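1. show me how the following folds:
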Amino acid sequence: MSFFIALIALNKNTDFNTIGEYCNRFFPLQAIFPRLAGRNAVKIRINNRKLDIGIFSGLLKERKKRESFERTLKLYAFLNDTNYDIIFEGCFYYRNREKLMNIRYAISTMVFWWRETNLSFEMECEYLKNLGFGVELWPNIKGQTECRYRRHNWDRLADVTKDMLVLMRSRDDKPTLEQWKEQMDCAKLLDADMVANLKSLGLENSPEINGCDFASEIVGLAEDLDVKLCIETGDLSKLKQLGEKFDSIHYCLDTGYANLDKNYGFKNYVDDLAERIACLHLSDNYGTKDDHEPPGLQEGISRENWDYLLNALSKYDNRITATLEMFPSMPNVMIRQGCEFLFDTLNWPDRPQQKPSQVRIYNPV
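-> As a prediction, this is how the structure comes out:
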């Protein structure tokens, strides 16, 4: 929801056709304006709704405001000695999903599992870039232990991901504070958001987060480096406690995990986390194990739940990165299936624009 403060003026020489065109441009969807409290207000129609309104002399200030669309807003009118009959400040709400919520899309390097080699990273990133996607990096190649966020790899990472949207999944091999510092510095270099789970913060086995000194150090480190830290879906009660304790963290909602939790359920995760979701991990499963299938399984997450997720996210003015996190089949097949479901079936916004002349089927070296 967006909130505007505008200076509005009305006089007897007003061209009301111009008013309608001007208002339609700034409020393309239905807008609700309370009646003007004052004298000499002229009622006009915009989108077949009677409105008490004058000329916009300027949009002065934009504020983020998360309040109900239906909330009654007061207009304060006052007389003055200018050439205008009435000048007043107006507060206006409007709803427009594409304007309020922006989604960018990435592919997790999980999609290349068992096909990666030490020499294939350039090919993988070029393939995703030509499809119009960013990349979410896993800390290591499947089956190997070396972390790709080590300092000696930074030049290569920066060169290959230049001009790409980048996210980094934290290492979860019980990283020390020094290892966290190294990967945070890498994220700063790549201008990447960091996605971490409860395990990597040392919170996996603790019943509560009280006294979580190690996690506090990590959150403080992210704040100092201005790196967005997104906590991936885990135990919902812990996630909520973490959010209450640390204002700066965001959430990464993993649709596959949320579909498996029988204690809370998919919609509970959406309802409780949506306001602070900055990342999505998009995958599907049959409700028994985390299969990481492409979204759109016939017996997987219901269409109702997918629509519920998008509608919930649309209520907030968030910039979201949605990562397709899949690995059971060929990369080009999974990406095509996921895109067809998200953009053709569900009509999710901001579809990535590929470069057809440059896209090739992924063929690892």
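2. residues of the helix or strand harbouring residue 224 that come out buried?
-> Secondary structure assigned from DSSP states H and E places residue 224 in helix 213-225. Across helix 213-225, burial judged by 16 or more other CB atoms under 10 Å covers 215, 218, 219, 221, 222. Just so you know, the C-beta spots here come from the backbone N, C-alpha and C atoms, and that holds for glycine as well.
3. any idea how far residue 200 is from the residue lying closest to the last one once chain neighbours are set aside?
-> In this case it means residue 222. Nearest residue to residue 222, sequence neighbours excluded (CB to CB, 6 or more residues apart in numbering): residue 229, at 4.0 Å. When distance is defined by CB to CB, to the nearest Å, residue 229 is 11 Å away from residue 200.
4. and the helices in the stretch 101-250 of the chain?
-> For the stretch 101-250 of the chain, the helices defined by DSSP state H, counting those that start in this stretch cover 121-131, 154-160, 177-190, 213-225, 236-245.
5. returning to that earlier point: helices or strands up against the helix holding residue 224?
-> Packing partners of helix 213-225 (3 or more CB pairs under 8 Å, 6 or more residues apart in numbering; DSSP states H and E): helix 177-190, strand 229-232.
6. which of the ones you listed sits closest to residue 273?
-> Nearest to residue 273 among the helices and strands packed on helix 213-225 is strand 229-232 (9.4 Å), distances taken as CB to CB.
7. tell me the mean pLDDT over that closest one?
-> Mean pLDDT, computed over strand 229-232, is 97.
8. mind giving me the packing neighbours of that strand?
-> Identification of packing neighbours for strand 229-232 by 3+ CB pairs under 8 Å, 6+ apart yields strand 193-196, helix 213-225, strand 250-254, strand 277-282.
9. partner strands of that strand, with direction?
-> strand 193-196 (parallel), strand 250-254 (parallel) (DSSP bridges).
10. now the longest one: average pLDDT?
-> Right, strand 250-254. Averaged over strand 250-254, pLDDT sits at 98.
11. list the contacts of the following helix or strand past it.
-> Counting by DSSP H and E, the next helix or strand C-terminal to strand 250-254 is helix 255-260. Identification of contacts with helix 255-260 by CB atoms under 8 Å, 6 or more residues apart in numbering yields 232-234, 264-266, 269-270, 280-285, 287-292, 295, 300-301, 305, 309, 325.
12. give me the below-cutoff pLDDT ranges for the stretch 251-365 of the chain.
-> 357-365 (pLDDT under 70).
13. mind listing the strands for it?
-> Secondary structure of the stretch 251-365 of the chain, counting by DSSP state E, counting those that start in this stretch: strands at 277-282, 319-324.
14. skipping adjacent residues, who's closest to residue 269 in space?
-> Setting aside the residues directly before and after it, residue 269 is nearest to residue 258 in space (CB to CB, 6+ apart), at 4.1 Å.
15. what about that neighbour, how many residues nearby?
-> 22 (other CB atoms under 10 Å).
16. cool, the one 4 residues further on as well?
-> When counting by other CB under 10 Å, one arrives at 7 neighbours for residue 262.
17. quick one: it from residue 268, how far?
-> The gap separating residue 262 from residue 268 is 11 Å, by CB to CB.
18. what residues does stretch 174-181 touch?
-> So stretch 174-181 is contacted by 147, 170, 171, 183, 199, 200, 202, 214, 217, 218, 221 (CB under 8 Å, 6+ apart).
19. for the residues you listed, which one is nearest residue 342?
-> Nearest to residue 342 among the contacts of stretch 174-181: residue 170, at 25.5 Å, using CB to CB.
20. burial count for the closest residue to the closest one other than its chain neighbours?
-> In this structure, residue 170 finds its nearest non-sequential neighbour in residue 196, 3.9 Å apart by CB to CB, 6+ apart. Counted with other CB under 10 Å, residues neighbouring residue 196 total 26.
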